[in-house]
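Engineer: Show me the folded form of this:
(chains A, B, C and D)
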2 protein chains.
Amino acid sequence: MPGQKLDAIDRKILAELQRDGRMTNVELAKRVGISAPPCLRRVRTLEEAGYIRGYHAQVDVRALGFEVQVFAMVGLHSQAQADLLEFQERCDNWPLVRECHMLNGEVDFILKCVAPDLSSFQNFLTSDLLGAPNVESVKTSLVIRTSKEVPGIPFEVMEDRLSKTP
Amino acid sequence: MPGQKLDAIDRKILAELQRDGRMTNVELAKRVGISAPPCLRRVRTLEEAGYIRGYHAQVDVRALGFEVQVFAMVGLHSQAQADLLEFQERCDNWPLVRECHMLNGEVDFILKCVAPDLSSFQNFLTSDLLGAPNVESVKTSLVIRTSKEVPGIPFEVMEDRLSKTP
DNA sequence: CGTGAAACCGTCGCCCC
DNA sequence: GGGGCGACGGTTTCACG
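Structural biologist: Prediction:
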């Protein structure tokens, strides 16, 4: 499962499905310029190879009553492998944590969290996150507004660099 | 477009489509316990009301050759409304920037960026981001690994609190 | 919201290059 | 190896009760 065993049609398929994950296969086939059966075979192959990890409806977080979004920068006391893993598993089990990224530098993790309101986030912060073992420090930043939120990768950039160094 | 004009079936539909955005309508209808036609009508309504903002394939960023992911914390000189908007528009036009969130506190924006490799990110950082007008400071953190990445909201939490305060 | 019908789509087998 | 053609069964999407 290396880098570029993908041809131009595969990349177009991925770009189209990233843009509209509910597109029918015939529509997709039309857009990438082949007929439906080979198009579907390619999609299945891309799924099985792990290039496509899933399909998700993008819901409006705020409209559904989750008005608070927070980035939490977490520092740990110990960065031993076992302790990092333990913290990650803890994050897995916190539904308010939607993303957990391990970082380089002074901060160890950044978490993207959602909550219905400030008090339920504060409750999560003080009871769960700050109460977890090995957590040294947490700095939180409230999201005031999100002006851009596009998933995945910019396929234009991918095509650009493929055309420069083929 | 208010808060909870959604009944239990609508919420189940949203939860299922968030989990699997390519589910067929008949499968979805079966899962939420109604027949296909009203189910499709509900989905269309949810889309038009903005609760569903789109459907996207979740691609494997690293497997597609974007091996570098970075969070960039940006401070601006001026936080005047026009200057904030100007910076947001600039982020819109940078394909390597996938998310742009305005924050409270000392940092003004957090950007989630992707890049094929470190040097192309460094190039973006020095030429584009640090070269943009009104940008005072940028602190970057490389993502070492992502251990959790789930989209949207935790519907369990939503149901929990609806059952407590109906 | 459910039923039925018509059009469309996903999917398979086969043939072709 | 991958792409196209044709056909069957399931699905989407009407109009109507």
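Engineer: which residues sit in contact with the residue of chain A most remote from its centre?
Structural biologist: In chain A, the residue that sits farthest from the middle, by C-alpha atoms, centre = their mean, is A:S35; the gap is 31.3 Å. A:S35 sits next to A:A29 when contact means C-beta atoms under 8 Å, 6 or more residues apart in numbering or on different chains. The way it works is simple: take the backbone N, C-alpha and C, and place the C-beta from them, glycine included.
Engineer: now swap in A:E67 and tell me
Structural biologist: Contact partners of A:E67, counting by C-beta under 8 Å, 6+ apart, are A:116-117.
Engineer: let's see 10 Å
Structural biologist: The contact partners of A:E67, taken as C-beta atoms under 10 Å, 6 or more residues apart in numbering or on different chains, are A:61, A:114-118, A:121, B:3.
Engineer: Could you do A:N134 as well?
Structural biologist: A:74-80, A:82-84, A:86-87, A:90, A:108.
Engineer: Next: A:P151.
Structural biologist: A:P151 makes contact with A:18-19, A:21, A:56, A:58, B:54, B:56-59, B:61, B:98-99, B:151, according to C-beta under 10 Å, 6+ apart.
Engineer: Poorly predicted segments of chain A, please.
Structural biologist: By pLDDT under 70, the weakly predicted segments of chain A are A:1-4, A:165-166.
Engineer: Which strand runs longest in chain A?
Structural biologist: Ordering each strand of chain A by length in residues (DSSP state E) puts strand A:135-149 first.
Engineer: Let's see which of the contacts of A:N134 end up in helices.
Structural biologist: Judged by DSSP state H, these include A:82-84, A:86-87, A:90 as members of helices.
Engineer: Most neighbours among those, which one is it?
Structural biologist: A:F87 (23 neighbours; other C-beta atoms under 10 Å in any protein chain shown).
Engineer: Quick check: that residue touching A:Q81?
Structural biologist: No: using C-beta atoms under 10 Å, A:F87 is not in contact with A:Q81; the gap is 11.1 Å.
Engineer: For burial, what's the neighbour tally of A:V135?
Structural biologist: 18.
Engineer: Equivalent analysis for A:R31, please.
Structural biologist: So A:R31, with other C-beta under 10 Å, has 16 neighbours.
Engineer: Check A:R22 too.
Structural biologist: Other residues within reach of A:R22, judged by other C-beta under 10 Å, total 19.
Engineer: Show the contacting residues for it.
Structural biologist: A:R22 neighbours (C-beta under 10 Å, 6+ apart): A:55, A:57, B:17, B:21-23, B:43, B:47, B:52, B:54-57.
Engineer: let's see 8 Å
Structural biologist: A:55, B:21-22, B:55.
Engineer: Next, format those as JSON lines and append secondary structure and distance to DNA strand D.
Structural biologist: Below are those laid out as JSON lines (DSSP: H, G, I helix; E, B strand; the rest coil; distance: C-beta to the nearest atom of the strand, whole Å):
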{"residue": "A:Y55", "secondary structure": "strand", "distance to DNA strand D": "13"}
{"residue": "B:G21", "secondary structure": "coil", "distance to DNA strand D": "12"}
{"residue": "B:R22", "secondary structure": "coil", "distance to DNA strand D": "9"}
{"residue": "B:Y55", "secondary structure": "strand", "distance to DNA strand D": "12"}
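Engineer: In terms of secondary structure, what does whichever strand or helix holds A:E159 contact?
Structural biologist: Using DSSP states H and E, A:E159 sits in helix A:155-164. If contacts are counted by 3 or more C-beta pairs under 8 Å, 6 or more residues apart in numbering or on different chains; DSSP states H and E, helix A:155-164 sits against helix A:8-19.
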